[in-house]
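Chemist: I'd like to go over a predicted model; first the sequence, then the structure.
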Amino acid sequence: MSTGLVAGKLALVTGAGSGLGRAACQVLSREGATVIAADKNYASAVETIKKHTALASGSNGAEHSAVELDVSDSGAVQKLVQTTLQQYKSPPTIVINSAGITRDNWLLKMSEEDYSVVQNVNLKGTFLVMQAFAKAMTEASLPGSIVNISSIVGKYGNIGQTNYAGSKAGVVAMSQSAAKELGKFNIRVNAILPGFIDTPIIQTVPEKVLQGMLKMVPLGRLGKPSEVAELIAFLSSDKSSFITGASIDITGGF
Ligand code: NAD
């Protein structure tokens, strides 16, 4: 019998094919969860399950799985609820919303399309997944934990990221509101606000800008995806049973 933090639980992770989502799958599976790795890039989600999960199956014996999912597509999100219920006979009670994109540009140059696509994935996608899977949890009368990945940029803003910062501030407010509504079902909702973490998403940040940012990080380095994943696992687990509606910075002190 596994004694992991989330032993026997079923976890859905979006954006699971890379970066923080992949690291979350690694740590949640190490801690005994069965993981559903969902990503728009199906091949990368498969790779997460094949190469980056701790066990072939979670501690309850159910197999991990990889699924293709565009979080901004409400039909696809609804379909995933159904296929998950068919496969696992109950909904995931841990939901990690890590799918996210950037389309950086100066405010004065940003296209409406780059504004909209970022809102659709980061904010609407988080909304759709949270709504659909919270509904499934309430229908199954199961308590749960939802962790939404915001960003420190949603608190302080950042040059070139008006679209992204707005979407991430929205994720915080949305998580706090959902926490207020879902508390009566014992479903907790928390947002985490990472600073600069070493994943593919920051490869588009110019080196000069990155070095400037790092000067403002007391710990003087980028964060590791695994460091964020440990926080995700804690918030997913019963160890954090009285934490809901919180927004937790994980920034090296930025
Ligand atoms: P990443 O680019 O490494 O991974 C993002 C994943 O999301 C990719 O696998 C991508 O295929 C997937 N994805 C993109 N659009 C999708 C969609 N429509 N539906 C489903 N999946 C989709 O980035 P990351 O650093 O792992 O970022 C994860 C989350 O953390 C994002 O929400 C990001 O905004 C946030 N974040 C990252 C940092 C950082 O420094 N890395 C800092 C703060 C917040």
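Modeler: Arrived safely. Numbers count the residues shown, from 1 in each chain.
Chemist: just the helices in the stretch 51-200 of the chain please.
Modeler: Using DSSP state H, counting those that start in this stretch, the helices found in the stretch 51-200 of the chain span residues 74-88, 112-118, 125-139, 153-156, 162-182.
Chemist: Rebuild those as TSV, extending it with mean neighbour count.
Modeler: Where you see a C-beta, it was placed from the backbone N, CA and C, and this is true even at glycine. TSV is the format used below for the helices of the stretch 51-200 of the chain (neighbours: other C-beta atoms under 10 Å):
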stretch	mean neighbour count
helix 74-88	15
helix 112-118	15
helix 125-139	21
helix 153-156	18
helix 162-182	20
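Chemist: how about JSON lines for those helices, with mean pLDDT and distance to the ligand added?
Modeler: Shown next, in JSON lines, are those (pLDDT from 0 to 100; distance: least, C-beta to the nearest ligand atom, whole Å):
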{"stretch": "helix 74-88", "mean pLDDT": "98", "distance to the ligand": "9"}
{"stretch": "helix 112-118", "mean pLDDT": "98", "distance to the ligand": "9"}
{"stretch": "helix 125-139", "mean pLDDT": "99", "distance to the ligand": "6"}
{"stretch": "helix 153-156", "mean pLDDT": "97", "distance to the ligand": "7"}
{"stretch": "helix 162-182", "mean pLDDT": "98", "distance to the ligand": "7"}
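Chemist: which residues does the residue of the stretch 51-200 of the chain at minimum distance from the ligand contact?
Modeler: Closest residue of the stretch 51-200 of the chain to the ligand, C-beta to the nearest ligand atom: Gly100 (2.1 Å). Under the criterion of C-beta atoms under 8 Å, 6 or more residues apart in numbering, the neighbours of Gly100 are 15, 121-122, 149, 151, 201.
Chemist: Ok, Val81 next?
Modeler: The contact partners of Val81, by C-beta under 8 Å, 6+ apart, come to 91, 132-133, 135-136.
Chemist: Kindly state the pLDDT recorded for Ala56?
Modeler: Here the pLDDT value assigned to Ala56 is 67.
Chemist: meant to ask about Ser2
Modeler: In this model, Ser2 carries a pLDDT of 64.
Chemist: Flag every residue of the stretch 1-150 of the chain that's near the ligand.
Modeler: The stretch 1-150 of the chain has residues 14-15, 17-21, 39-41, 44, 69-72, 98-101, 121, 125, 149 near the ligand, with proximity defined as C-beta under 6 Å from any ligand atom.
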